[in-house]
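Engineer: Make a model of this:
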Amino acid sequence: MIKCNVFLATLVCASQVAVAPVFAAPCWTTAEKSAYEVRGLQTMLMVTALKCSAMGGSATRDSYSHFVTVIRPALGASAAVMLAHFKKLYGTQAQAAMDASVTQLANQFSNAESADDSCVKAVEIATNAAQDETTLKRVAETIVAMPTDAQICEKQ
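Structural biologist: Residues are numbered from 1 along each chain as shown. Below you'll find the model as predicted:
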């Protein structure tokens, strides 16, 4: 599920389609929520970079590559937190379930309408998010929303 704010309304806003059962987790910690949002942001930037590259632009692809390179440790940490969440739910099938959820996010972003300036906005977002881990998490929280059936709690 993608939420859009005024700044991002012209970038990419996926429809509010019900999310598949891989997200039927009864409870997410705040760390897991943050990890989901970071992975969602990375996925959105990747999809946008691919779309913009297909239109002949390289700036978005370059900014995505820079984003991934600079913020790689935080991306790895978020992926590990997400995988731990899915392991609690799916055991040995955790990686497959997580991959399915990320693919679903990518499909939502891919199927969303893109504004004319979405490539420029993606460069701005990638540049901003690559500043540091705190900014990355703030930007991710602004762009990516948890599935509507997800509950945030600390006890698991």
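Engineer: Now do the same contact list for the spatially most central residue of the chain.
Structural biologist: Centroid-nearest residue in the chain: Gly40, 0.8 Å away (criterion: CA atoms, centre = their mean). If a contact means CB atoms under 8 Å, 6 or more residues apart in numbering, then Gly40 has Ile2, Leu105, Ala140, Ile143, Val144 as its contacts. C-beta coordinates here come from the backbone N, C-alpha and C atoms, glycine included.
Engineer: Please tell me how far it sits from Lys33.
Structural biologist: 11 Å (CB to CB, to the nearest Å).
Engineer: ditto for His85
Structural biologist: 9 Å.
Engineer: who has more neighbours, the two?
Structural biologist: It is His85, of His85 and Lys33, that has more neighbours when counted by other CB atoms under 10 Å, with 23 against 19.
Engineer: Tell me if that one really is in a helix.
Structural biologist: Yes: applying DSSP: H, G, I helix; E, B strand; the rest coil, one finds His85 inside a helix.
Engineer: quick one: low-confidence ranges for the chain?
Structural biologist: 1-26, 115, 155-156 (pLDDT under 70).
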